[in-house]
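**Q** Could you work out the structure for the sequence below:
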Amino acid sequence: MNTGNLFENIPDRCRAEIFETLVENNHLKIERIISESHSTPLNEWYDQDWDEWVVLLQGSADILFDGDRTPFSLKPGDYLFIPAHIKHRVEWTDRIKKTIWLAIHMKQTKSEK
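**A** Sure, this is the predicted structure:
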């Protein structure tokens, strides 16, 4: 059995984003992400081989999708589904309060592609 609390064991300072895998198998990965005033490096994009569903639990953030001019703003409780190979980047995360995400990555099977 794997148990825990998403709001515990959070460091006082985060020099880099923290990606913590909570559960993983061949088709699914669930992770907690902790951000503190982080963003994707300039001119870099995430282009993932898997679908991702993410919910913002604490803090705030903006995610920009390739080709869009306006980022998608997230506040606690907001969630977002990002299909595989949709390029996106984190424009910023909260500078005052740590941003805590729950991300579920789902690998597509051959019949789903």
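**Q** what are the ranges of the strands in this structure?
**A** Using DSSP state E, the strands of the chain run over 18-24, 28-35, 51-58, 61-65, 72-74, 79-82, 88-93, 99-106.
**Q** The fourth one packs against which elements?
**A** For strand 61-65, the helices and strands in contact under the criterion 3 or more C-beta pairs under 8 Å, 6 or more residues apart in numbering; DSSP states H and E are strand 72-74, strand 88-93. Where C-beta positions appear, they are placed from N, C-alpha and C, glycine not excepted.
**Q** who touches the first one?
**A** Outside of strand 72-74, the residues that reach it under the criterion C-beta atoms under 8 Å, 6 or more residues apart in numbering are 56, 60-65, 80.
**Q** Low-confidence stretches in the chain?
**A** Counting by pLDDT under 70, the chain shows low-confidence ranges at 109-113.
**Q** Now with 50, please.
**A** By pLDDT under 50, the chain has no low-scoring segment.
**Q** that older thread, of the contacts of strand 72-74, which qualify as buried by neighbour count?
**A** When those are checked for burial by 16 or more other C-beta atoms under 10 Å, the buried set is 56, 60-61, 63-64, 80.
**Q** Residue 102: which of those is nearest?
**A** residue 56 (8.4 Å; C-beta to C-beta).
**Q** So that closest one versus residue 35, what's the distance?
**A** Using C-beta to C-beta, to the nearest Å, we find residue 56 at a distance of 10 Å from residue 35.
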